[in-house]
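> Okay, sequence plus prediction incoming.
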Amino acid sequence: MRFLMALWRSFQCLPLRVRIWIVVILAPVNFATLAFLGHPGSALVAALAIAGIALNIIPLWRDRGFTTAMAIPHVLCWTPLVGVLASLLFFSDVTLAAGYRYFLTVLLACDLLSLRWDIPDTVKWLRNRRTVHGP
């Protein structure tokens, strides 16, 4: 219970726009990949999308809060995911259902935007400028 309270306090210390981004857009869009299982490439897409979020338990647990280290799983999982998405959307001969194609485009935009922030955060963390958000 203390761990969950520490996470909640840390989450509350994040800027409001970041909390909204995480809860309203980033997590739901990546978890929505599960709704498209059965479409071409969907198992790999879902695995990479969910792994990018699920692996954040490691820095959350280690640091007892939201840190720049949480960008690392995103970079490790979503960089190859971007390649898979680009391949499916722009270079594949496979016909994608219109709804699935639209969703993959939204996922690509969402994760590219996230990586735009995650790559600098990963570099900061690797340079030992680790930041824990919280009291």
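Received it, and whenever you're ready, just let me know what you need.
> Wait, residue 118 touches residue 74, no?
Yes - counting by CB atoms under 8 Å, residue 118 does reach residue 74; the two are 4.3 Å apart. Yep, even glycine has a C-beta here, placed from its N, CA and C like the rest.
> Between those two, tell me which one has more neighbours.
residue 74 (25 against 22; other CB atoms under 10 Å).
> The more buried one against residue 51, yeah?
No - counting by CB under 8 Å, residue 74 does not reach residue 51; the two are 9.8 Å apart.
> Residue 25: how many residues sit nearby?
With other CB under 10 Å as criterion, residue 25 counts 14.
> For residue 125, see how far away residue 75 is.
10 Å (CB to CB, to the nearest Å).
> got it, and residue 110?
From residue 110 across to residue 125, the span is 22 Å (CB to CB).
> now residue 13
Taking CB to CB, one finds residue 13 at 18 Å from residue 125.
> do the same with residue 99
Taking CB to CB, one finds residue 99 at 37 Å from residue 125.
> Compare neighbour counts for the two and give me the winner.
residue 125 (18 against 11).
> Tell me the spacing between that one and residue 73.
Taking CB to CB, one finds residue 125 at 12 Å from residue 73.
> who touches stretch 29-41?
For stretch 29-41, the external contacting residues (CB atoms under 8 Å, 6 or more residues apart in numbering) are 42-43, 45-46, 49-50, 52-53, 84, 87-88, 92, 94, 96-97, 100, 103, 106-107, 110-111.
> from memory residue 11 sits against residue 19, does it?
Yes - the criterion here is CB under 8 Å, and residue 11 meets it with residue 19 at 6.5 Å.
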